[in-house]
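**Student:** Sequence isn't available, so here's the structure alone:
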């Protein structure tokens, strides 16, 4: 059976640098009828486990370690036995939310994760966070971008651990090099495509945020 992409939206709070904001997060589930991975276990472990529908969860993959993308990860890991995977550069952010629980494994640029016969290639795309990654699934013509690239531009870089020139370089060098038809499935909001976003790179740079 070919891997498919299931989508769940969960709601909660994003907290950083002393501020809090209500947010809706996209949770992506990639797999088939028997096994899956979860990309970004946000806010509601019970809802994510229910969406798995009894499938074996092979991994909980974190695109980055802002609290709204990882707050439900330990509970989901405890419920399913799945390992939590995070790029090590985001460990300081992870520790702000989960000081007493480390991730179970590391993500590295170029690493390939296989689920249901489909490969997810890890692309290290720092800028929104030091250890931010995107997950490219060529067989599904999809890249899961977390908060690195949205419909309309780069993720925010106005808070701790973020850097605008770095995120622009990550998007230009790692993401815009993908096929223009590649679907961009984001951490928040609507999906887009590489081809829809690529023409606007110079506008983003001029805007400078």
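**Tutor:** All right, it came through fine. All values reported here derive from a predicted model rather than from experimental measurement. Numbers count the residues shown, from 1 in each chain.
**Student:** buried sites along stretch 6-15?
**Tutor:** Residues of stretch 6-15 classed as buried: 8, 10, 12, 14, 15 (neighbour count, 16 or more other C-beta atoms under 10 Å). (C-beta placed from N, C-alpha, C; glycine too.)
**Student:** List the neighbours of it that are in contact with it.
**Tutor:** 20-31, 36, 42-44, 47-48, 51, 66-68, 71-72, 185 (C-beta atoms under 8 Å, 6 or more residues apart in numbering).
**Student:** Can you classify residue 96 as helix, strand or coil?
**Tutor:** helix (DSSP: H, G, I helix; E, B strand; the rest coil).
**Student:** Check the one 5 residues further on too.
**Tutor:** Taken by three-state DSSP, the conformation at residue 101 corresponds to coil.
**Student:** Tell me, how many residues neighbour it?
**Tutor:** A count of nearby residues for residue 101, using other C-beta atoms under 10 Å, gives 14.
**Student:** From the buried residues of stretch 6-15, pick the one nearest residue 120.
**Tutor:** residue 8 (17.7 Å; C-beta to C-beta).
**Student:** Now that closest one: which helix or strand?
**Tutor:** strand 4-16 (DSSP states H and E).
**Student:** elements contacting the worst-scoring helix or strand of the chain on mean pLDDT?
**Tutor:** None of the helices or strands of the chain scores lower by mean pLDDT, DSSP states H and E than helix 201-207, at a mean of 91. Secondary-structure packing of helix 201-207 (3 or more C-beta pairs under 8 Å, 6 or more residues apart in numbering; DSSP states H and E): strand 153-154, helix 164-170.
**Student:** out of those, nearest to residue 196?
**Tutor:** It's strand 153-154; of these, that one is closest to residue 196 (C-beta to C-beta) at 11.2 Å.
**Student:** which other helices and strands contact that closest one?
**Tutor:** Going by 3+ C-beta pairs under 8 Å, 6+ apart, strand 153-154 lies up against helix 164-170, helix 201-207.
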